[in-house]
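Q: Quick check, what structure comes out for this input:
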Amino acid sequence: MAVLLAPQAFDEMTTDPTGVRAPYRRVDSWLHQVPSALLARRRDEAERLFRTKGITFAVYGDDSGAERLIPFDVIPRIIAADEWEVVRRGCVQRVTALNRFLDDIYGPQEILRAGSSRPRRSSTTRSTAPPPRA
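A: The predicted structure is shown next:
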């Protein structure tokens with residue numbers, strides 16, 4: 001199998017130059033059996049499909065205006081259960097914090113009185129929605 005990563009790229013599959021992380025052992029075994037030309041063809045097919053279906057984005061401020069492909073890798077990223085649990089807990093914490101902030105901004109506005117957020121910015125931004133009605 002050919003090396004598919006630039007030398008400076010982070011490789012989530014390996015622990016060091018000789019070790020493969022446990023969640024990736026089956027993928028590593030499969031990669032040693034698959035011709036690199038097949039992986040390259042699959043990547044090219046995915047890129048063509050992404051362009052055809054418009055799975056792209058533009059970078060604001062980029063004067064070229066070129067549409068870029070959403071980053072994609074034909075080799076799956078595997079997140080072990082213990083790693084996913086950290087991500088899950090972090091998402092729950094951040095969503096909870098955001099909901100509490102919004103509840104406060106549209107409610108008692110204690111955060112504004114505490115000086116942690118500026119009232120003018122909170123109430124005059126064009127994207128601020130009116131408080132929901134009960």
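Q: going forward, measure contacts between C-alpha atoms and count neighbours the same way
A: OK.
Q: The longest helix along the chain packs against which elements?
A: Once the chain is assigned using DSSP state H, the helix that runs over the most residues is helix 81-105. Applying 3 or more C-alpha pairs under 8 Å, 6 or more residues apart in numbering; DSSP states H and E, one finds that helix 81-105 makes contact with helix 110-113.
Q: and the helix it packs on, what does it pack onto?
A: Of the remaining helices and strands, those touching helix 110-113 by 3+ C-alpha pairs under 8 Å, 6+ apart are helix 81-105.
Q: Report the buried residues of the helix it packs on.
A: Of all the residues in helix 81-105, those buried under the rule 16 or more other C-alpha atoms under 10 Å are residue 105.
Q: Stretch 25-38 too?
A: 27-28.
Q: Now do it, average pLDDT.
A: pLDDT averaged over stretch 25-38 equals 93, rounded to a whole number.
Q: gap between that stretch and the chain center?
A: Offset of stretch 25-38 from its chain centre (C-alpha atoms, centre = their mean, to the nearest Å): 25 Å.
Q: and if you look at stretch 52-65?
A: Taking C-alpha atoms, centre = their mean, the mean C-alpha location of stretch 52-65 is offset from the chain mean by 17 Å.
Q: and that stretch, how far apart are its ends?
A: End-to-end distance of stretch 52-65: 18 Å, with C-alpha to C-alpha, to the nearest Å as the criterion.
Q: Show residues contacting that stretch.
A: Residues external to stretch 52-65 that are found in contact with it (C-alpha atoms under 8 Å, 6 or more residues apart in numbering): 50, 66-70.
Q: Model confidence at residue 102, what's the number?
A: Residue-level confidence at residue 102 comes out at 92, pLDDT.
Q: Which secondary structure element is home to the residue nearest the centre of the chain?
A: Of all residues in the chain, the one closest to the mean position by C-alpha atoms, centre = their mean is residue 71, 9.7 Å from it. Per DSSP states H and E, residue 71 falls between elements, in no helix or strand.
Q: And the pLDDT for it?
A: Per-residue confidence (pLDDT) for residue 71: 84.
Q: backbone phi and psi for it, please?
A: According to degrees, to the nearest 10, the main-chain angles of residue 71 amount to phi -60, psi 130.
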